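[1] Predicted structure and sequence below. I'll ask about it afterward.
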Amino acid sequence: MGTLIPSSASAGVFADFFASIRGDVKTEEATPSVSTNVQTMTLLKPALNIDPVAGRGGGDITIVDDSALMAEEGPSGTIADIERAKSASISLYVVRRGDTLSGIAKLFDVSINTIVWANDLSRSESLKVGQMLTILPVTGVSYTVKKGDTLASVAKKFGGDAGEIASFNDVGNVLQVGTDIIIPNGEVAVSVAASPARTQSFGSGIQYIGYYVRPIIGGTRTQGIHGYNGVDIASPVGTPIIASASGDVIISKEGGWNGGYGNYVVVRHPNGTQTLYSHNLRNAVGIGEYVVQGQIIAYIGATGRTTGPHVHFEIRNGPRNPF
């Protein structure tokens, strides 16, 4: 061995040989280890979700007047997000000193006429301390089903919506005689003003004298009362829509289906009513703005559920839509 291997190498070879006999040799790893420190170590990474609220479930919810949550519906007549959530039960209220019809109506969030009709009051009748009043859960009319009545006939009689009557009262197409049902947003037949210049009176002396003006200049009415006291007035795309009365903008939505309304605006008026303008091409006002009667608030479009350009105009909690 000494003649074949240089002396400097042979010493190492024999050292390794004898070390292997003693079991001192350590097996090398196939892959050399890599030292790490705080500068080279792998850091934890957060989950990257496209939707930051991906864990949220359920349908679209709208906050109305900072006080209520309401699922979005549309011009078909179902309760929409401009109405507060209501209890399904009828309430009884005992009149106290200082009570007025308008005050009680505001307390229960119904129209004055709803109280007048439910209690067979005359418009000029004064409330008496201790008097018990029936308060419906929503603005509308209570009705006892008579022989021959159908959902369609009852809806037509009181200006309600057949689908909403069925849904609210949990009934089918066949109505049981003698059953008391509620017609949401229904109205007892009264003489209705043919133009805004005439007077329409409601309980407690509230007057609507020229209160509402036509929401567009000109146009053609393509559908009469439907849904929540709404009418359709057609006009070319881009025609200005004006505020029917002065008030505060409480809803201004653009983009999306919005329950069939498309782009729409809701204005709350000092007399306790609200007006809605939908299917707009675009809105010209935002939430919180105060608008005056005749001010441009949107432009005619065909967004949402519609077959052509028009404005779907509603008056809520007030007189029957005169347009």
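    Happy to help now that I have it. On a predicted model such as this, the values are computed, not experimentally measured, just so you know.

[2] can you list the weak-confidence ranges in the stretch 101-250 of the chain?
    Across the stretch 101-250 of the chain, the ranges flagged by pLDDT under 70 are 122-125, 189-209.

[3] Strands of that one, residue ranges please.
    132-135, 140-144, 180-184, 199-202, 206-209, 220-226, 230-234, 240-242, 247-253 (DSSP state E, counting those that start in this stretch).

[4] will you turn those into CSV that also has mean neighbour count and distance to residue 261?
    Where you see a C-beta, it was placed from the backbone N, CA and C, and this is true even at glycine. Shown next, in CSV, are the strands of the stretch 101-250 of the chain (neighbours: other C-beta atoms under 10 Å; distance: least, C-beta to C-beta, whole Å):
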stretch, mean neighbour count, distance to residue 261
strand 132-135, 16, 29
strand 140-144, 19, 21
strand 180-184, 21, 18
strand 199-202, 16, 26
strand 206-209, 16, 25
strand 220-226, 14, 14
strand 230-234, 21, 10
strand 240-242, 21, 13
strand 247-253, 19, 8
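
[5] Save the ones you listed as TSV, and put in distance to residue 94 too.
    TSV is the format used below for the strands of the stretch 101-250 of the chain (distance: least, C-beta to C-beta, whole Å):
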stretch	distance to residue 94
strand 132-135	6
strand 140-144	19
strand 180-184	21
strand 199-202	23
strand 206-209	23
strand 220-226	35
strand 230-234	36
strand 240-242	44
strand 247-253	32
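
[6] These: which one's closest to residue 262?
    Comparison of the strands of the stretch 101-250 of the chain against residue 262 by C-beta to C-beta identifies strand 247-253 as nearest, at 8.6 Å.

[7] domains for the chain, by residue range?
    140-184, 199-316 (automatic domain parsing).

[8] Helices of the stretch 51-200 of the chain, start to end?
    Assigned by DSSP state H, counting those that start in this stretch, the stretch 51-200 of the chain shows helices spanning 101-108, 112-118, 151-158, 162-169.

[9] Deepest in the core, which of those helices is it.
    Across the helices of the stretch 51-200 of the chain, averaging neighbours per residue (mean count of other C-beta atoms under 10 Å) puts helix 112-118 on top, at a mean of 23.
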